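Colleague: Structure, please.
(2 chains)
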Amino acid sequence: MSTATSAPASTGDLSPTTLPSTDALAADRLAQHLAAGATRWLLVVDPGLDAFALATALDAAADDPDRTTHLAGQVGLDRLRHDCTPDDVVVLVATEPAARDTSLRLTAWGPTTLLLPLGATRPEPGLAHLVLPSADDGRAAAARLGRIGARLAQRGVAAGPPPSGERGETCITCADEAIVAEVATVTDELTVTARTPDGLVEVDTTLVEPPAVHDLLLVHARTAIAVLDPTSHTAATQHARRGLDEA
Amino acid sequence: MKYVDEYRDPEAAQALVRAIRAVADPDRHLKFMEICGGHTHTIYRHGIEQLLPDHVELVHGPGCPVCVIPMGRVDDAIHLAEQPGVVFTSFGDMMRVPGSERSLLDAKAAGADVRMVYSPMDALKIAQAEPDKQVVFFAVGFETTAPSTAVTVQRADALGLDNFSVFVNHVTIGPPLRAILDDDEMDLDGFIGPGHVSTVIGNEPYQFVPAEYGLPIVTTGFEPLDVLQAIHMLLVQHAEGRCEVENQYTRVVRDEGNPRALAILDDVFDVVDTFEWRGLGWIPGSALQVAEKYAHLDAEQRFSMPGVRVEDPPACECGEVLKGVIKPWECGVFGTACTPETPIGTCMVSSEGACAAYYNFGRLNTADREHDDVTALPMAAS
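Modeller: Here you go, the predicted structure:
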């Protein structure tokens, strides 16, 4: 279902040579997923941002308007939680802090996620992402989305290598297997059922504060070792922030 | 898990690579060790080494727990698995690790009841369901894995199960770091610190690295931008004449770690006097054993164990790889006699092992070094 919400914004100069490279790469990545046969797109956009051009381009490139679902804002998040599956591709067009919170939850829900960050505030390095925003206001953001859509329409979907969305084989024994999971139901004071890309799993919560439904957990060997707070940070990132500012 | 592009954005990577090149002193060769096998995996998978200037070198450390378990302990595990009436449970990672003659998978093929589980609680459930069997869980891993074993031991004790035990091979990260720093062969300039281990133990246990050895360490996440940012943070510390424990992985790691997990570890385990590490030898206080109050759940107390020390095959240089003395491809059997299909050493068995990571992802043309176009490298294609 395509439910684009407003009229197209100006797409500005469509020449590929003037595109910021991130936008070109975003369009390329969208096209690669289309070429690889991604079956359903969920386009999640902050309220107030105009994504008509991008939604239209996705529909056109997919050659099937029913493949793209356009969601918006907090309503979109709730619906996204309900609707999305690991087989979906989610295009998240969002400003902080929604981008940080939603992108972390998406790692638990399992779809491939393409984040197009927007906004005037640089994210905290090491917290959510390091992508520098390229638009300061809604009009510019809409124009950027329009350029990405135009690029997508221009390049077609056939070129480029297929995207590889899997992290690959991992080692449970190693500490690095820990995954993000979202609490679906609280079974008892020491056990929850949590949503992961592999489905619902029983998770022991002995090692963490009792979580609530929709809390995000870091889970290792089906044992929660931390409750994640997407908005928290520590002063230790100051050095990193300074380093990037200098860069 | 499928990825989120935000941590793999080539433009951000290019910015970080430029920042790394700007801050790295070309007159000084700096060598940083990534401790975790997960970091090694990320570095090879995404071609990060090829992005760095020649005077910034990465070496691979001992943070793959599968890789550091000595052959004698694997033989002990196989011995347990072959006892009559025993169900031996293990994570899948350990199944193919070679002992002196065989692996757990070989023992299973020969008739031993070896079962793969995804958590120690799964093993506990088997014990509850099959009370006529003795169920043993092969507990391997660093401080991230140890708490789940500890919780299971407490649960088994509370349930009064007498047919469940754990064969504990949990190791700790601090002592091997100290051993590496005390090794005259090593000449390091900093560490890319553990990610999820630090979720449990926090950042405080690393303070001895700057305090006693004058080196920086940065706790680091596992996405490519995390690793690039950590390298930049290490270089900035060097440029500014600082050496501190810094936390790049703030979205997950808290300075204090996980106090509940630490309390449970303290209740269930004691620190051993010494433990043998493949490649690093015997390291004092570097592993955990079941505490006296839970000794009835300790497989080493319940069963007789061979406990024989076994030397690595002469051709295998896993030990030197694990210490970062040589790179995987410098081992004489790498990619020839030793491959992921026919591993000789543990570093080729575990998917997080340095040899397997390099075999699978790292064989790029060295001419790609100093590549300015990040989008042409594996990170952009992944």
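Colleague: Whatever helix or strand B:T40 lives in close to chain A?
Modeller: Per DSSP states H and E, B:T40 falls inside helix B:37-45. Yes - contact of helix B:37-45 with chain A (Cβ under 8 Å from any Cβ of the partner chain) involves B:G37, B:G38, B:H41, B:R45. Every C-beta, even on glycine, is put in place using the N, C-alpha and C of the backbone.
Colleague: next structured bit after that helix?
Modeller: Next helix or strand after helix B:37-45 toward the C-terminus (DSSP H and E): helix B:48-51.
Colleague: Quick one: mean pLDDT over that following helix.
Modeller: For helix B:48-51, mean pLDDT is 86.
Colleague: Once you drop chain neighbours, what's closest to B:C331?
Modeller: Nearest in space to B:C331, with sequence neighbours left out and distances taken as Cβ to Cβ, 6 or more residues apart in numbering or on different chains, is B:E317 at 4.1 Å.
Colleague: correct me, but that neighbour touches B:I344?
Modeller: No - B:E317 is not in contact with B:I344 according to Cβ atoms under 8 Å; the separation is 9.7 Å.
Colleague: Of the two, which one has the most company?
Modeller: Between B:E317 and B:I344, counting by other Cβ atoms under 10 Å in any protein chain shown, B:E317 is the more crowded of the two (24 against 21).
Colleague: any idea of the pLDDT on that one?
Modeller: The per-residue pLDDT reported for B:E317 equals 82.
Colleague: now the helices for chain A?
Modeller: With DSSP state H as the criterion, chain A has helices at A:21-35, A:52-62, A:73-83, A:98-109, A:138-155, A:237-246.
Colleague: Does anything pack onto the third one? Which helices or strands?
Modeller: I take that to be helix A:73-83. Helices and strands touching helix A:73-83, by 3 or more Cβ pairs under 8 Å, 6 or more residues apart in numbering or on different chains; DSSP states H and E, are strand A:41-45, strand A:68-72, helix A:98-109.
Colleague: what angle separates the longest one from helix A:73-83?
Modeller: Spelled out, that is helix A:98-109. Orientation check (axes from the mean of the first three to the mean of the last three Cα atoms, to 10 degrees): helix A:98-109 against helix A:73-83 gives 0 degrees.
Colleague: Can helix A:98-109 be said to contact chain B?
Modeller: Yes - on the criterion Cβ under 8 Å from any Cβ, helix A:98-109 is in touch with chain B at A:S103, A:L104, A:L106, A:T107.
Colleague: Run through the neighbouring helices and strands of that helix.
Modeller: Using 3+ Cβ pairs under 8 Å, 6+ apart as the contact test, the elements touching helix A:98-109 are helix A:73-83, strand A:89-94, strand A:112-117, strand A:179-188, strand A:191-196, strand A:216-220.
Colleague: got the contact list for the second one?
Modeller: I take that to be strand A:89-94. Applying Cβ atoms under 8 Å, 6 or more residues apart in numbering or on different chains, the contact partners of strand A:89-94 are A:30, A:33, A:38, A:40-46, A:49, A:51, A:54, A:58, A:80, A:84, A:99, A:102-103, A:106, A:111-118, A:141, A:145.
Colleague: which residues touch stretch B:98-117?
Modeller: Applying Cβ under 8 Å, 6+ apart, the contact partners of stretch B:98-117 are B:71-72, B:74-75, B:77-78, B:81-82, B:86-92, B:94-97, B:123, B:126, B:133, B:137-138, B:310, B:343-344, B:346, B:349.
Colleague: ok, longest helix in chain B?
Modeller: Secondary structure assigned by DSSP H gives helix B:224-239 as the longest helix of chain B.
Colleague: what angle sits between that one and helix B:37-45?
Modeller: Interaxial angle of helix B:224-239 relative to helix B:37-45 (the same axes, to 10 degrees): 100 degrees.
Colleague: any idea which helix or strand comes after helix B:224-239?
Modeller: strand B:245-247.
Colleague: and that following strand, which strands flank it?
Modeller: Applying DSSP bridges, strand B:245-247 is found paired with strand B:217-219 (parallel).
Colleague: how about the CA coordinates for stretch B:155-171, as CSV?
Modeller: The C-alpha trace of stretch B:155-171 is given here as CSV (Å, rounded to 0.1, in the frame of the first residue of the first chain):
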residue,chain,number,x,y,z
ARG,B,155,19.5,-22.4,39.3
ALA,B,156,20.7,-26.1,39.3
ASP,B,157,21.6,-25.7,43.0
ALA,B,158,18.2,-24.2,43.8
LEU,B,159,16.5,-27.1,42.0
GLY,B,160,18.6,-29.7,43.8
LEU,B,161,19.6,-31.3,40.6
ASP,B,162,22.1,-34.1,41.1
ASN,B,163,22.5,-35.0,37.4
PHE,B,164,23.9,-31.7,36.1
SER,B,165,27.4,-30.3,36.2
VAL,B,166,29.6,-27.8,34.4
PHE,B,167,33.1,-28.4,33.0
VAL,B,168,34.4,-24.9,33.5
ASN,B,169,37.0,-23.3,31.1
HIS,B,170,36.0,-19.7,31.6
VAL,B,171,38.9,-17.3,31.2
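Colleague: Show me which parts of it are buried, residue by residue.
Modeller: Neighbour counts over stretch B:155-171 (16 or more other Cβ atoms under 10 Å in any protein chain shown) mark B:R155, B:A156, B:L161, B:N163, B:F164, B:S165, B:V166, B:F167, B:V168, B:N169, B:H170, B:V171 as buried.
Colleague: So which residues make contact with stretch A:79-86?
Modeller: Stretch A:79-86 is contacted from outside by A:40, A:42, A:44, A:69, A:71, A:90, A:102, A:105-106, A:109-111, A:182, A:197-198, A:214, B:2, using Cβ under 8 Å, 6+ apart.
Colleague: same thing but at 6 Å, please
Modeller: Stretch A:79-86 is contacted from outside by A:L42, A:V44, A:L71, A:W109, A:G110, A:P111, A:P197, using Cβ atoms under 6 Å, 6 or more residues apart in numbering or on different chains.
Colleague: Go through the residues you listed and name the one with the lowest pLDDT.
Modeller: Among those, A:L71 has the lowest pLDDT, at 71.
Colleague: ok, B:G174 touching B:Q207?
Modeller: No - when contacts are counted by Cβ atoms under 6 Å, B:G174 is not listed as touching B:Q207 (10.2 Å).
Colleague: if we can go back for a sec, mean pLDDT lowest for which of the helices of chain A?
Modeller: Among the helices of chain A, helix A:237-246 carries the lowest mean pLDDT, a mean of 43.
Colleague: Please identify which helix or strand holds B:Q128.
Modeller: Assessed by DSSP H and E, B:Q128 sits inside helix B:120-129.
Colleague: mind listing what's buried in that helix?
Modeller: For helix B:120-129, by 16+ other Cβ under 10 Å, it's B:P120, B:M121, B:D122, B:A123, B:L124, B:I126, B:A127.
Colleague: do the same with stretch B:72-91
Modeller: B:72-81, B:86-91.
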